[in-house]
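Enquirer: heads up, no residue letters with this:
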């Protein structure tokens, strides 16, 4: 951030009175521009024993597989955003069931919310952000080609719960470890089903 | 938003190609400025049968009672933010237990996350955003002087779960109804304990 979005003057980084972190503050009008984490919302769409996956047509991770998810918009609820993303990316109308995972990704300032959702008919189509959309059994999941570690973790929890015969709610953090290759420490808070 | 925070030129509202909502787009450098919901994180601090409340020293709702909570910061997890807010507003060091409620407040573009937390010693003090901090029994809760409806709803769920002998996770939406006085429709998704 270089300029004030209110008045167009320059901004400087400093700690406002009574605050504890540096913020972009306008040199002219004094407006404080806070920056906060964004929420990503998505679905784990179930059709019987199969789940609906999307192959990404856009960066980052073009060509890798993911679940339908994207940034939550102002004015919508998280579940409404998850429905919208599933329709946009996978051309699928689903019914939201429960919130399944909440993951904090502090290294990229995101919270991921994934809902279990039911696809009543096998009707879907690749949206413009997807190359391909496919229903997959657990043994067909391309684990080495999943776009994001948070999706891999959520899928592992999903299949573990399904085997156990009961879906819980899981919340936790994915902490990126130092080094060039993306490795994470996963700390779960709500472990109970 | 009137000016581009990157280059300082004017911005116009229009729908980017492939998008579905109007965004502030820079007339000069083309930067798209997205605006997304913010996450508020806080605690329900328990000390035995008592909960720790804060009387607000700042607008909005100055003089009304609330639980320690505030905007989640970049680079932190939701639980870390809830701990930080509890320390800042109530001068209390707590231990996070479980995520208790997730409420969508789409009319103000917020998601509220409240964690159950344990206060091990009755040590607390009003921070600069609080006039007073107090441990209260259920029958002492000033229901008519609670600052925000989302706090009232969360407390009702908390005391109901406590009476039932088991704390669950609850997620839902608070939809503001038309009219001058703030009235809400509360739609819960995860009802199970």
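Expert: It's in. Values in this document were obtained by computation on a predicted structure and should not be read as measured data.
Enquirer: where do the helices of chain A begin and end?
Expert: A:78-90, A:149-164 (DSSP state H).
Enquirer: highest average neighbour count across those helices?
Expert: Compared across the helices of chain A, helix A:78-90 shows the largest average neighbour count, a mean of 23 (mean count of other C-beta atoms under 10 Å in any protein chain shown). C-betas here are computed from N, CA, C, even on glycine.
Enquirer: now render the helices of chain A as JSON lines, adding distance to residue A:43 and mean pLDDT.
Expert: As requested, those are exported to JSON lines (distance: least, C-beta to C-beta, whole Å; pLDDT from 0 to 100):
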{"stretch": "helix A:78-90", "distance to residue A:43": "5", "mean pLDDT": "98"}
{"stretch": "helix A:149-164", "distance to residue A:43": "11", "mean pLDDT": "98"}
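Enquirer: nearest to chain B, of the ones you listed?
Expert: Nearest to chain B among those is helix A:78-90 (5.5 Å), distances taken as C-beta to the nearest C-beta.
Enquirer: what sits against the residue of chain A positioned farthest from its centre?
Expert: Using C-alpha atoms, centre = their mean, the residue of chain A lying farthest from its centre is residue A:28. It sits 36.9 Å away. Applying C-beta atoms under 8 Å, 6 or more residues apart in numbering or on different chains, we find residue A:28 in contact with A:4, A:7, A:9, A:10.
Enquirer: filter those down to the ones near chain B?
Expert: Residues of the contacts of residue A:28 in contact with chain B (C-beta under 8 Å from any C-beta of the partner chain): A:4, A:7, A:10.
Enquirer: and the pLDDT for the second one?
Expert: Here, the pLDDT recorded for residue A:7 equals 95.
Enquirer: would you map the strands across chain A?
Expert: For chain A, strands defined by DSSP state E occupy the ranges A:11-14, A:23-26, A:32-33, A:38-47, A:50-56, A:65-66, A:69-71, A:94-105, A:110-119, A:130-136, A:170-176, A:184-188.
Enquirer: of those strands, which is nearest residue B:100?
Expert: strand A:170-176 (10.6 Å; C-beta to C-beta).
Enquirer: roughly how far is that closest one from the heart of the chain?
Expert: 12 Å (C-alpha atoms, centre = their mean, to the nearest Å).
Enquirer: show me where chain A dips below the pLDDT cut-off.
Expert: Within chain A, the ranges that satisfy pLDDT under 70 run A:190-193.
Enquirer: just the buried residues of the contacts of residue A:28.
Expert: residue A:4 (16 or more other C-beta atoms under 10 Å in any protein chain shown).
Enquirer: so which of the contacts of residue A:28 comes closest to residue B:138?
Expert: Distances from residue B:138 to these, taken by C-beta to C-beta, are shortest for residue A:4, at 46.9 Å.
Enquirer: relative to residue A:19, how far out is the nearest residue to residue A:10 once chain neighbours are set aside?
Expert: Using C-beta to C-beta, 6 or more residues apart in numbering or on different chains and skipping residues adjacent in sequence, the residue nearest residue A:10 is residue A:27, 5.0 Å away. In this view, residue A:27 and residue A:19 are 17 Å apart by C-beta to C-beta, to the nearest Å.
Enquirer: same thing with residue A:66?
Expert: For residue A:66, the distance to residue A:19 equals 37 Å [C-beta to C-beta].
Enquirer: neighbour count winner among the two?
Expert: Between residue A:66 and residue A:19, residue A:66 has the larger neighbour count (other C-beta atoms under 10 Å in any protein chain shown), namely 21 against 12.
Enquirer: can I assume that one is in contact with residue A:52?
Expert: No: Residue A:66 is beyond contact range of residue A:52, at 10.8 Å (criterion: C-beta atoms under 8 Å).
Enquirer: who's in contact with residue A:26?
Expert: Residues counted as contacts of residue A:26 (C-beta under 8 Å, 6+ apart) are A:4, A:6, A:7, A:9, A:10, A:11, A:32, A:33.
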